[in-house]
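Student: model this:
(chains A and B)
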Amino acid sequence: MNSWLRVFLVGGVIAYRGLFNWLRPAHYFPTMLGGPLFQILFFAYLGRFANAQSDEFYVVGNAVQISAMAGVFGMAITIGGERWTQTLGPLLATPASRLAIFLGRALPNLLQGVIVSTFGFCVGRLLLDFHPALASVPTLALIVVTTVASCTAFGMVIGAFGLRLRDSFMVANPAYFLMLLFCGVNVPLDVLPDWMSAISRCLPLTHGIAAAREVAGGASLGSVGGLLGTEALIGLAYAVAAYLLLRFFEEESRRRATLDRM
Amino acid sequence: MSALRIFAAGWWMNMKQLTRSALFVFTSLIEPLIMATIAFYTAKAGGKPEALFYMAIGAGVMGIWSSTLFGSGGVISWQRWEGTLELLVASPPPLLVIVVPLTIATATIGIYSLSATLLWGWLLFDIPFHLAHPVLFAIALPAGVISMGLLGLLIAATFVLYREANALSNMLEFPIALVTGLLFTTALLPDWSHPIGWVLAPTWAVRAIRDAALGGSPGFAIVLCLVLGAAYVVLASWFLRVLEVKAREKATLSLA
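Tutor: Residues are numbered from 1 along each chain as shown, chains lettered A, B, ... in the order given. Alright, predicted model coming up:
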């Protein structure tokens, strides 16, 4: 158990420091905070122009969705990065628990996602018409952590394709942008066609964003328990899928000797 | 004459290279369609069907802007990574003549975005495609593309001095779309932001294309596209000269 925890925590932190050594402040601030800030403003103004929804709708939707910067892109870089830096082979040659290895690598991205999301909510509070009651903040925080975890699990699925595809960004990029459309971030689900709403209900973020909107509007934790539980279950399903995919691609790449092939 | 030949060869070469990049094709084709779909459903949710064609054009021009930003922001860095930058700098033509066709090519690829977005809107959202002034549209589109390509030239020339250029590329997509009114009128924005939009080519490119398509007077916007384009060339020329001299003095041309 001790070694499992060590691989999970220490391994995860060291891997993050190694794989993201390029993430200096000059890179971090524009990418992780600047881009999301303007994304929130852009969609809020688009909503104002079309008289579609309130600022609160766009702030909550986008503040939660921007956590995918870390959850989806971060995980794609984490798993693909092991390949680019030629550390994937030695890593998978170790007898360490794969669950500990990959969950440990997901944890820093999850924390990054929470930071980015929190920043998004603060921006909304300061620059737009978004004024949730102070009492709703702890519940909002719980929803954000659950939703970001679910999104990171989805990111692990995307990252798993990094073991097979030459460039996992070819999956991560469409995934990030399609989330803007499908997950109720900027368009209410009832406006989307039925087939799109059906897909959105199987994706991370959708239920978390709906719960966050209700709580920001004054609902209690109890009244959004179903949405939050669904979000957590979806996250769990993606985590299981990611684990199975990672094992499958690992086995396949051993069999075909393609682990380090770029 | 040789400058024209360099332009044609560089433009065609970069067009071919960019269309071979799956990531670039995503940025210039798929991403604008997603943005357009969000815009269409937002207009639908707000009960503003009359804004659909307006937004379709805006989403298409946003695609041109994304291609330009992504392509031009990295154009010199890519030459550096490929090991061809020293050869280009050492060759007899001025660096400006070599870089201009590369950045114009990135904006030209963006025409895919506009065409795809308009076709997408017509096929899936029944947005009528009717041009109020077809001839002026045929003038406004290349004027807009060239002005955005020349803004790309300025971006290429300045970003190369900044080591984290790709981070700036990641960040600038939405703010420029915001202040230039690509998808909505800038009248909604605070007054202090308007002058920022006035010096950016996408502001006038989208106005020219919209006025030509929806019915208006695109003449002033077309002229401003060309004037701004010329100003970008002058500024970029100065930046590139400074960059070349600095890089030669410090022997850092090939250092990323």
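
Student: What's the local residue count around whatever residue of the stretch 1-150 of chain B ends up closest to chain A?
Tutor: Per C-beta to the nearest C-beta, residue B:46 is where the stretch 1-150 of chain B lies closest to chain A, at 3.5 Å. C-beta coordinates here come from the backbone N, C-alpha and C atoms, glycine included. Residue B:46 is flanked by 18 other residues according to other C-beta atoms under 10 Å in any protein chain shown.

Student: With residue A:21 instead?
Tutor: Residue A:21 has 9 neighbours, counted by other C-beta under 10 Å.

Student: same deal with residue B:70?
Tutor: By other C-beta under 10 Å, the residues close to residue B:70 number 27.

Student: swap in residue B:177?
Tutor: Here the number of neighbours of residue B:177 (other C-beta under 10 Å) works out to 26.

Student: List the residues that contact the nearest residue to residue A:221 once chain neighbours are set aside.
Tutor: Nearest-residue entry for residue A:221: residue A:139, 4.7 Å, with adjacent residues in sequence omitted and distances by C-beta to C-beta, 6 or more residues apart in numbering or on different chains. Applying C-beta atoms under 8 Å, 6 or more residues apart in numbering or on different chains, one finds that residue A:139 lies in contact with A:215, A:220-221, A:224.

Student: By neighbours, which of those residues wins?
Tutor: If you count neighbours using other C-beta under 10 Å, the busiest of the contacts of residue A:139 is residue A:215, which has 26 neighbours.

Student: Can you name the element that comes right after the helix or strand that contains residue A:155?
Tutor: If you go by DSSP states H and E, residue A:155 is part of helix A:137-160. Remark: after helix A:137-160, the chain's next helix or strand is helix A:169-182, criterion DSSP H and E.

Student: Export that following helix to CSV, keeping only CA atoms.
Tutor: Provided in CSV are the C-alpha atoms of helix A:169-182 (Å, rounded to 0.1, in the frame of the first residue of the first chain):
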residue,chain,number,x,y,z
PHE,A,169,-3.9,16.4,-30.0
MET,A,170,-5.9,15.3,-33.0
VAL,A,171,-8.4,13.9,-30.5
ALA,A,172,-7.9,16.4,-27.7
ASN,A,173,-8.5,19.5,-29.9
PRO,A,174,-11.9,18.4,-31.3
ALA,A,175,-12.9,17.0,-27.9
TYR,A,176,-12.2,20.4,-26.2
PHE,A,177,-14.1,22.4,-28.8
LEU,A,178,-17.0,19.9,-29.1
MET,A,179,-17.5,20.2,-25.3
LEU,A,180,-18.3,23.9,-25.9
LEU,A,181,-21.2,22.8,-28.1
PHE,A,182,-22.4,19.5,-26.6
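
Student: out of the contacts of residue A:139, who's nearest residue A:160?
Tutor: Closest approach to residue A:160 among these (C-beta to C-beta): residue A:224, at 30.4 Å.

Student: Out of the contacts of residue A:139, name the ones that lie in strands.
Tutor: Within the contacts of residue A:139, no residue falls in strands by DSSP state E.

Student: where's residue A:201 relative to chain B, distance?
Tutor: Distance from residue A:201 to chain B, counting by C-beta to the nearest C-beta, to the nearest Å: 17 Å.

Student: tell me the contacts of that residue?
Tutor: Contacts for residue A:201 (C-beta under 8 Å, 6+ apart) come out as A:189, A:207.

Student: show me what contacts the closest residue to chain B within the stretch 101-250 of chain A?
Tutor: Closest to chain B within the stretch 101-250 of chain A is residue A:187: 4.2 Å, counting by C-beta to the nearest C-beta. By C-beta under 8 Å, 6+ apart, the contact set of residue A:187 is A:181, B:38, B:41-42, B:45.

Student: What about those residues, which are in helices?
Tutor: A:181, B:38, B:41-42, B:45 (DSSP state H).

Student: For those residues, which single residue is the most surrounded?
Tutor: residue B:42 leads the ones in helices among the contacts of residue A:187 on contacts (other C-beta under 10 Å) with 27 neighbours.

Student: Any figure for the gap between that one and residue B:123?
Tutor: The gap separating residue B:42 from residue B:123 is 19 Å, by C-beta to C-beta, to the nearest Å.

Student: Could you tell me which residues of the stretch 151-256 of chain B lie near chain A?
Tutor: B:163-164, B:167-168, B:170-171, B:173-175, B:177-178, B:183-185, B:188-189 (C-beta under 8 Å from any C-beta of the partner chain).

Student: Mind telling me what element the closest residue to residue B:207 other than its chain neighbours is part of?
Tutor: What sits nearest to residue B:207 in space, not counting adjacent residues and going by C-beta to C-beta, 6+ apart, is residue B:221, at 4.1 Å. Element membership of residue B:221, judged by DSSP H and E, is helix B:219-250.

Student: shaky segments in the chain?
Tutor: Answering for chain A, as no chain was given. For chain A, applying pLDDT under 70 flags the ranges A:1, A:260-262.

Student: try chain B instead
Tutor: Using pLDDT under 70, the flagged stretches of chain B are B:1, B:161-163, B:255-256.

Student: if we can go back for a sec, can you tell me which of the ones in helices among the contacts of residue A:187 is closest to residue B:144?
Tutor: Using C-beta to C-beta, residue B:38 comes nearest to residue B:144 of those, at 22.3 Å.

Student: so what's that closest one up against?
Tutor: Listed by C-beta under 8 Å, 6+ apart, the contact partners of residue B:38 are A:43, A:46, A:180-181, A:186-187.

Student: what do you get if the cut-off is 6 Å, keeping everything else the same?
Tutor: Residues near residue B:38 by C-beta atoms under 6 Å, 6 or more residues apart in numbering or on different chains: A:181, A:186.

Student: try the one 3 residues further on
Tutor: Residue B:41 is in contact with A:187, A:191, counting by C-beta under 6 Å, 6+ apart.

Student: repeat for residue B:100
Tutor: Residues near residue B:100 by C-beta under 6 Å, 6+ apart: residue B:153.
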